[in-house]
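**Student:** dropping the sequence and predicted coords here.
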Amino acid sequence: MKLEELLHTWWFPWVLRVLGTLFLYLVYRVVLRFVLPRVQRGLEATQGVHVATMAERFGRYLIFLAFLLAVLVLFGVNIGTMVAALGLFSVAIGFAAQTSVSNLISGLFLLFDRPFEVGDFVRVGDTLGTVLYIDLLSTKMRTPDNLFVRIPNEQVLRSVTVNYTRYPIRRLSIPVGISYDADPSQVREILMGWLQKNPYVLADPPPDVWITTFGDSAVDLTVQVWVRREEFIQARNALITGIKQELERHGVEIPYPQQVVHLRPTPEA
């Protein structure tokens, strides 16, 4: 059969469309598997994990949309008419999906504001955990007790967010109570000498010991030091234990709350 005869058959154009669809699908898979990961790695190196993750999510949707439109054009679908119809249909969809649209817009604001990155340890509202994913509609976190939490992006944007891993060092304040029989100035010298030798305590900013106030059962002090972010928990435990041992070694009492009760005799009737 000649080429002119093939072109006038009913099935040959459909074969070409199917072959074209297979070729477009091959291009689609190559872009997803090879091109998009390279773009993501480049963005991670220059813009950070947050931007790279969001760009990868947007990229997947845009590439799929481009593939779908190309297939529709290949099969002779009028894209202009379909877009007009979708425009009317999207109005109804918009009213039904206001929450999703709000979360999507909030996700874009998070992309530019960047209050945290993937892997940061943060508190969003009352939720404390490590950021796992930042998607278009929600942010996924893992709590310290290994629970998976999904927070809508709109709620993330409206909540107070505390990022514990943004800066390389953190301040650690430890309250200490000493007996009224002890000399606060001498205790301060003892603790300062010990803190300056502690491997967890940074020399810059320097540590300090403040005499805070007179408590009910003790003179209240505050030990203030700066430690490396990744050593915060270990440093806190080591410093609390070490301060107690150092005060005991110098004979400084750490009192516990006490109450003095006076008994008065009841007058006889």
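**Tutor:** Ah, there it is. Numbers count the residues shown, from 1 in each chain.
**Student:** any stretches of the protein with poor pLDDT?
**Tutor:** 1-12, 50, 80-97, 258-260, 267-269 (pLDDT under 70).
**Student:** which segments of it make up each domain?
**Tutor:** According to automatic domain parsing, the chain comprises the domains 12-84, 106-163, 169-249.
**Student:** which one of those domains lies nearest to residue 264?
**Tutor:** domain 169-249 (22.1 Å; CB to CB). C-betas here are computed from N, CA, C, even on glycine.
**Student:** next, the distance between the ends of that closest one.
**Tutor:** Across its full length, domain 169-249 reaches 30 Å between end residues, using CA to CA, to the nearest Å.
**Student:** from the chain's centre, how far out does that domain sit?
**Tutor:** Centroid separation for domain 169-249 versus its chain: 30 Å, with CA atoms, centre = their mean, to the nearest Å.
**Student:** swap in stretch 104-117?
**Tutor:** For stretch 104-117, the distance to the chain centre is 11 Å (CA atoms, centre = their mean).
**Student:** follow-up on the earlier one: distance to residue 262 for the domains of the chain - can I get that in CSV?
**Tutor:** CSV is the format used below for the domains of the chain (distance: least, CB to CB, whole Å):
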stretch, distance to residue 262
domain 12-84, 64
domain 106-163, 45
domain 169-249, 16
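**Student:** contacts for stretch 207-218 next, please.
**Tutor:** Among residues not part of stretch 207-218, those counted as contacts by CB atoms under 8 Å, 6 or more residues apart in numbering are 175, 177-180, 184, 187-188, 191-192, 195-196, 201, 219-226, 254-258.
**Student:** now it - C-alpha only, PDB.
**Tutor:** Extracted C-alpha coordinates of stretch 207-218, given in PDB (Å, rounded to 0.1, in the frame of the first residue of the first chain):
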ATOM      1  CA  PRO A 207      29.400  32.800  80.200                       C
ATOM      2  CA  ASP A 208      28.000  34.800  83.100                       C
ATOM      3  CA  VAL A 209      26.300  34.200  86.500                       C
ATOM      4  CA  TRP A 210      23.600  36.600  87.600                       C
ATOM      5  CA  ILE A 211      22.300  37.100  91.200                       C
ATOM      6  CA  THR A 212      18.600  37.200  90.400                       C
ATOM      7  CA  THR A 213      16.600  37.700  93.500                       C
ATOM      8  CA  PHE A 214      15.900  36.500  97.100                       C
ATOM      9  CA  GLY A 215      13.600  33.500  97.000                       C
ATOM     10  CA  ASP A 216      11.600  32.000  99.800                       C
ATOM     11  CA  SER A 217      14.200  29.400 100.700                       C
ATOM     12  CA  ALA A 218      17.300  30.400  98.700                       C
END
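**Student:** ok, and for it, which residues are buried?
**Tutor:** 207, 209, 218 (16 or more other CB atoms under 10 Å).
**Student:** out of those residues, who's nearest residue 130?
**Tutor:** Using CB to CB, residue 207 comes nearest to residue 130 of the buried residues of stretch 207-218, at 28.9 Å.
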